[in-house]
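> Pasting the sequence and the predicted coordinates here, then a few questions.
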Amino acid sequence: MKYWQVVAMTDMEEIPTLALKAEEIGLEGITLGDHLITFQEQYEAYPESEDAVIRWYPETHWPDPWVQFGALAQITKRIKFLTTIFVLPMRDPFSIAKAVSTAARISNDRMILGTGIGWQESEFALVEREFRNRGARCDEMLDVIRLLMTGEVIEYHGKHFDFPRLQMAPGTREQVPFWIGGYSDAALKRAARYEGWVGSMHDIAGLKEIMHKLKREREAIGRRMDDFNVILAVHDKGRTADLYRAAEDLGVNHIYKPAWLDEKGRASTLTLDEKLAEMDRFAQRFL
């Protein structure tokens with residue numbers, strides 16, 4: 001099992017120190033989320049909390065993950081960087097391919113594009129992106145981005161993107177893995193085409209059906225699960241080695257420690273020293 005630390009909903013100034021701590025204690029990497037803005041009034045139900053209320057405050061920091069990761073790559077040597085989740089269809093594929101490939105080159109191939117189609121229609125409206133067809137556009141964008149990041153001359157003729165022969169340079173030295181988030185049948189099928197699936201918080205009982213679906217989708221296209229990545233958090237009461245082993249037995253090979261949250265389930269006010277101490281305690285138990 002490989003372990004990650006979520007540093008989303010954390011002050012930007014703390015993230016470099018947290019990244020260095022992640023490298024020091026032997027974590028696989030760190031993850032950042034993605035929002036352009038936070039509305040003062042919430043317009044859509046948040047799917048990741050029981051009360052449908054977002055877990056952060058308007059002033060919570062959401063740095064651009066690729067800029068942040070590029071900077072962190074300069075002060076680290078080993079840890080990997082994963083977005084959980086970068087909202088792909090809220091952008092254009094060319095800007096994303098440029099940002100991700102640049103970060104990958106800077107970091108010596110330590111970037112993973114964790115992506116999904118998003119949930120907040122009002123955020124899409126701000127940047128004048130269609131919300132209803134975001135799944136179909138995401139499918140084409142993944143194709144286009146992967147082609148662009150080869151650094152070779154390409155062309156593409158799809159329903160949503162159509163362009164003649166062109167080249168984006170430099171490409172990446174190695175292929176950037178795509179890990180896909182989401183729970184719909186379409187999202188799981190999309191994930192099966194690529195290198196991994198990003199989940200949220202699960203209990204072991206609820207995880208079995210999802211892993212079965214992923215295995216079925218992989219088998220349908222002639223691919224195995226032994227080279228497929230699954231990352232999520234397990235929220236059965238308490239963290240124990242037995243709990244993580246149970247997840248691993250189901251096919252989970254990455255666990256992320258969730259962002260630090262307060263008693264209301266919102267972004268925590270823990271000090272940086274308290275966060276570092278908590279990371280040390282986790283390492284002593286599981287690494």
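Good, I have the coordinates. Residues are numbered from 1 along each chain as shown.
> export the helix ranked longest in the chain as CSV, just CAs?
Ordering each helix of the chain by length in residues (DSSP state H) puts helix 204-220 first. Written as CSV, here are the backbone C-alpha positions of helix 204-220 (Å, rounded to 0.1, in the frame of the first residue of the first chain):
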residue,chain,number,x,y,z
ILE,A,204,-15.0,-1.3,3.3
ALA,A,205,-18.5,-2.7,2.7
GLY,A,206,-19.4,0.0,0.1
LEU,A,207,-16.1,-0.5,-1.7
LYS,A,208,-16.7,-4.1,-2.9
GLU,A,209,-19.3,-3.2,-5.6
ILE,A,210,-17.2,-0.4,-7.0
MET,A,211,-14.1,-2.6,-7.3
HIS,A,212,-16.2,-5.2,-9.0
LYS,A,213,-17.5,-2.7,-11.5
LEU,A,214,-13.9,-1.5,-12.3
LYS,A,215,-12.7,-5.0,-12.7
ARG,A,216,-15.5,-5.8,-15.1
GLU,A,217,-14.9,-2.6,-17.2
ARG,A,218,-11.1,-3.4,-17.4
GLU,A,219,-11.8,-7.0,-18.4
ALA,A,220,-14.2,-5.8,-21.1
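> Now tell me what touches it from outside.
Contact with helix 204-220 is made by 183, 185, 188-189, 191-192, 197, 199, 202, 224-225, 228, 230, 232, 234, 236, 243, 246-247, 250-252, as judged by Cβ atoms under 8 Å, 6 or more residues apart in numbering. C-beta coordinates here come from the backbone N, C-alpha and C atoms, glycine included.
> nearest residue to the most centrally placed residue in the chain other than its sequence neighbours?
Nearest residue to the geometric centre of the chain (Cα atoms, centre = their mean): Thr84, 2.2 Å. The shortest distance from Thr84 to any residue other than its chain neighbours is 4.4 Å, reached at Thr31 (Cβ to Cβ, 6 or more residues apart in numbering).
> tell me which residues in stretch 161-178 are buried?
Buried residues in stretch 161-178, counted by 16 or more other Cβ atoms under 10 Å: 168, 171-172, 176-178.
> Apologies, that question was intended for stretch 141-149.
So stretch 141-149, judged by 16+ other Cβ under 10 Å, has buried residues 141-142, 144-149.
> do stretch 256-269 as well
256-260, 266-268.
> now the end-to-end length of that stretch.
20 Å (Cα to Cα, to the nearest Å).
> where exactly do the helices run in the stretch 1-150 of the chain?
Remark: helices assigned in the stretch 1-150 of the chain by DSSP state H, counting those that start in this stretch are 15-25, 65-73, 93-106, 121-126, 134-148.
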